[in-house]
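Novice: What follows is a predicted structure for the sequence shown.
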Amino acid sequence: MVDPAFVLTMARYNAWQNENLMAAAAGLTDEARRLDRGAFFKSIHGTFNHILWADEVWLSRLLGTEKPTVGGRGSAAYIEGWDPFCARRRQRDRAILDWAQGVQPDWLRGTLIWYSGAAGREMGRPRAFVIAHLFNHQTHHRGQIHAMLTAAGAKPDDTDLFLVDEAR
């Protein structure tokens, strides 16, 4: 069940795993991070960018923050440089953590209405469902990054959710 404790745990997990994978990726060359490895968003860098882009889209819908100026098709090239990407990722993780600390049960029971560029229409879903999607989307694509990093010879740390409290 999606409740405030779940939201906070997943926000903490998100930040922890982004740091984990960025640290592993930092040991690669820029060329290795950008190499087309056959993933949906092609490269490690492209997949990292897509996750950040999607997080910013959802934050704009949930919090009214500025949404990305590029669409989903451009998400893999969202932030060009590695250092600017890492700085922006950390900022967004902090924003997600700050937001998660204030989520209330009544808010989660409400409905979010938004225009979906992917579906080409207005959508509405329970906020709890949207939050589950936000964190599931991150985890799905981080799994792809983990596989690409491992194939590239990098060694990310553990990713198990039950370890999040011990790592933070």
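Specialist: Sure thing, it's come through.
Novice: CA only for contacts and neighbour counts going forward, please
Specialist: Will do.
Novice: got any ranges where the protein has weak pLDDT?
Specialist: Applying pLDDT under 70 to the chain flags the ranges 166-168.
Novice: can you pull out the strands in it?
Specialist: 111-116, 121-126 (DSSP state E).
Novice: pull the CA atoms of the last one into PDB?
Specialist: Once non-C-alpha atoms are left out, strand 121-126 reads as follows in PDB (Å, rounded to 0.1, in the frame of the first residue of the first chain):
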ATOM      1  CA  ARG A 121      -4.700  13.200 -24.000                       C
ATOM      2  CA  GLU A 122      -5.700  14.300 -20.500                       C
ATOM      3  CA  MET A 123      -5.200  11.500 -17.900                       C
ATOM      4  CA  GLY A 124      -6.300  11.000 -14.400                       C
ATOM      5  CA  ARG A 125      -5.100   8.500 -11.900                       C
ATOM      6  CA  PRO A 126      -5.100   8.200  -8.100                       C
END
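Novice: so it versus strand 111-116, what angle?
Specialist: 160 degrees (axes from the mean of the first three to the mean of the last three CA atoms, to 10 degrees).
Novice: Just give me how far strand 121-126 sits from the chain centre.
Specialist: Distance, stretch centre to chain centre, for strand 121-126: 20 Å (CA atoms, centre = their mean, to the nearest Å).
Novice: Ok, the first one next?
Specialist: Here the centre of mass of C-alpha atoms in strand 111-116, compared against the chain's by CA atoms, centre = their mean, lies 19 Å away.
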